[in-house]
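Student: one predicted model, sequence on top.
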Amino acid sequence: MKSSLKTNYSEESRILLDTLKTAVDHALEKKRRLGQYAVIWKNGKPVRIGSDAGDADHKSEWT
């Protein structure tokens with residue numbers, strides 16, 4: 001995930017953002033390993049991804 005809103009974060013903000021990104025990465029990896037779908041924001045709309053997504057176009061699109 002890339003953030004384009006602000007590039008000059010304070011040290012504390014950078015640490016918090018990195019922690020949140022790590023938590024999301026772990027949650028998505030856990031869902032992928034369990035074969036569960038996840039909902040992410042892509043191209044301006046929510047998209048279900050994963051093997052249990054139900055939508056053939058996005059079944060294996062883990063990013």
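Tutor: The structure has been received and is ready for your questions.

Student: where does pLDDT dip in this structure?
Tutor: Across the chain, the ranges flagged by pLDDT under 70 are 1-6, 55-63.

Student: mind listing the strands for it?
Tutor: Assigned by DSSP state E, the chain shows strands spanning 38-42, 45-49.

Student: in CSV: these, plus distance to Lys31 and mean neighbour count.
Tutor: (Each C-beta comes from the backbone N, C-alpha and C, glycine too.) As requested, the strands of the chain are arranged in CSV below (distance: least, C-beta to C-beta, whole Å; neighbours: other C-beta atoms under 10 Å):
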stretch, distance to Lys31, mean neighbour count
strand 38-42, 5, 13
strand 45-49, 9, 13
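
Student: out of these, which gets nearest to Leu16?
Tutor: strand 38-42 (19.8 Å; C-beta to C-beta).

Student: list the helices and strands the closest one packs on?
Tutor: On a contact count with 3 or more C-beta pairs under 8 Å, 6 or more residues apart in numbering; DSSP states H and E, strand 38-42 meets helix 11-34, strand 45-49.

Student: ok, residues contacting that strand?
Tutor: The contact list for strand 38-42, computed with C-beta atoms under 8 Å, 6 or more residues apart in numbering, reads Ala27, Leu28, Lys31, Arg32, Pro46, Val47, Arg48, Ile49, Gly50, Thr63.

Student: spatially nearest residue to the fifth one (excluding sequence neighbours)?
Tutor: Pointing back at Pro46 there. Val39 (5.3 Å; C-beta to C-beta, 6 or more residues apart in numbering).

Student: and what of the first one?
Tutor: Nearest residue to Ala27, sequence neighbours excluded (C-beta to C-beta, 6+ apart): Ala38, at 7.8 Å.

Student: output stretch 39-58 as CSV, nothing but the C-alphas.
Tutor: The C-alpha coordinates for stretch 39-58 follow below in CSV (Å, rounded to 0.1, in the frame of the first residue of the first chain):
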residue,chain,number,x,y,z
VAL,A,39,-12.2,-7.0,1.1
ILE,A,40,-9.7,-4.3,-0.2
TRP,A,41,-10.1,-0.9,-1.8
LYS,A,42,-8.9,-1.1,-5.5
ASN,A,43,-9.5,1.4,-8.4
GLY,A,44,-11.9,3.4,-6.3
LYS,A,45,-14.2,0.6,-5.2
PRO,A,46,-14.2,-2.3,-2.7
VAL,A,47,-13.1,-5.7,-4.1
ARG,A,48,-13.2,-9.1,-2.6
ILE,A,49,-10.0,-11.1,-3.1
GLY,A,50,-8.9,-14.6,-2.1
SER,A,51,-9.9,-18.2,-2.8
ASP,A,52,-13.3,-17.8,-1.1
ALA,A,53,-14.2,-14.5,-2.9
GLY,A,54,-16.9,-15.9,-5.0
ASP,A,55,-16.0,-13.6,-7.9
ALA,A,56,-14.0,-15.5,-10.5
ASP,A,57,-12.3,-12.3,-11.7
HIS,A,58,-10.6,-11.7,-8.3
